[in-house]
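Asks: sequence first, then the predicted structure:
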Amino acid sequence: MRHQNRINHLGRTSAHRKAMLSNMAASLILHKRITTTLAKAKALRSYVEPLITRAKDDSTHSRRIAFSYLQNKDAVTELFREISKKIMERPGGYTRILKTGMRAGDNADMCFIELVDYNVAMLGKKEEVKAKTTRRGRSGAKKAEETEKQTPAPKDEKEVKKPKKASRKTEETKGPEEEKPLI
């Protein structure tokens, strides 16, 4: 039974686990996003978030403690120069875990772990508000107005479409004074 065992040993010895988490944390800081298993990502989150919190205070002592965890000068420099500026106002929750499915070989849960403030796709994406639809029918005039609002106006002359020629049926339905001979 694993009652009150808060650490996931990940099937490794203590030294191997510390070295693996150190390498993964350095890779996460340098690359901003890494792919790993779900169990390792959860262990890494509890390892790297206190380091990112410590980076808010840029002192020699904080840098030395971060280096003792990461063992990588480039990662420590990136953490204190770039990442600390972006996360200064954030009170916590610096990482995000996104599940991606199962690994083909052993069916392990795979995921991305990324720094929250660095995902350009999610930060730049604005949610489009869809019109609330119901099952009941609406008049054609309201639907036409909604489609006109949603379609953008063309900007260039190339984008302007020429009106379609009148079909034969519309020419036949016109009055006798507007009739054209069909030769």
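Replies: Structure's in. What do you need?
Asks: my read: Ala25 touches Glu49, true?
Replies: No. Because the distance of 9.9 Å does not satisfy Cβ atoms under 8 Å, Ala25 is recorded as not touching Glu49. C-betas here are computed from N, CA, C, even on glycine.
Asks: which parts of this structure are strands?
Replies: For the chain, applying DSSP state E gives strands covering 33-37, 95-102, 109-115.
Asks: can you tell me which of those is most buried?
Replies: Most buried of these, by mean neighbour count (mean count of other Cβ atoms under 10 Å): strand 109-115, with a mean of 18.
Asks: still on that earlier bit, more neighbours: which of Ala25 and Glu49?
Replies: Ala25 (25 against 15; other Cβ atoms under 10 Å).
Asks: all helices for the protein, in order.
Replies: With DSSP state H applied, the chain shows helices at 14-31, 38-54, 60-70, 73-78, 84-86, 120-124, 140-150, 168-172, listed in chain order.
Asks: of these, which is nearest Gly105?
Replies: Comparison of the helices of the chain against Gly105 by Cβ to Cβ identifies helix 38-54 as nearest, at 15.3 Å.
Asks: got the angle between the closest one and helix 14-31?
Replies: Here helix 38-54 runs at an angle of 70 degrees relative to helix 14-31 (axes from the mean of the first three to the mean of the last three Cα atoms, to 10 degrees).
Asks: contacts for stretch 1-9, please.
Replies: Stretch 1-9 is contacted from outside by 17, 39, 42-43, using Cβ atoms under 8 Å, 6 or more residues apart in numbering.
Asks: let's see it at 10 Å
Replies: Contacts of stretch 1-9 with the rest of the structure, by Cβ atoms under 10 Å, 6 or more residues apart in numbering, involve 14, 16-17, 39-40, 42-43, 46.
Asks: straight-line length of that stretch, end to end?
Replies: Here the two ends of stretch 1-9 are set 14 Å apart, with distance taken as Cα to Cα, to the nearest Å.
Asks: got the buried residues for stretch 64-78?
Replies: Taking 16 or more other Cβ atoms under 10 Å as the basis for neighbour counts, the residues of stretch 64-78 that come out buried are 66, 69-70, 72, 75-76, 78.
Asks: closest one to Ile87 out of those, please.
Replies: Among those, and counting by Cβ to Cβ, the member closest to Ile87 is Glu78, at 12.5 Å.
Asks: ok, the closest one to Ala39 distance?
Replies: In this structure, Glu78 and Ala39 are separated by 26 Å, where distance is defined by Cβ to Cβ, to the nearest Å.
Asks: now Pro91
Replies: For Pro91, the distance to Ala39 (Cβ to Cβ) stands at 26 Å.
Asks: could you do Leu115 as well?
Replies: Plainly put, Leu115 is 20 Å away from Ala39 if you go by Cβ to Cβ.
Asks: what about this structure, any weak spots by pLDDT?
Replies: Under the criterion pLDDT under 70, the flagged ranges of the chain are 125-134, 137-183.
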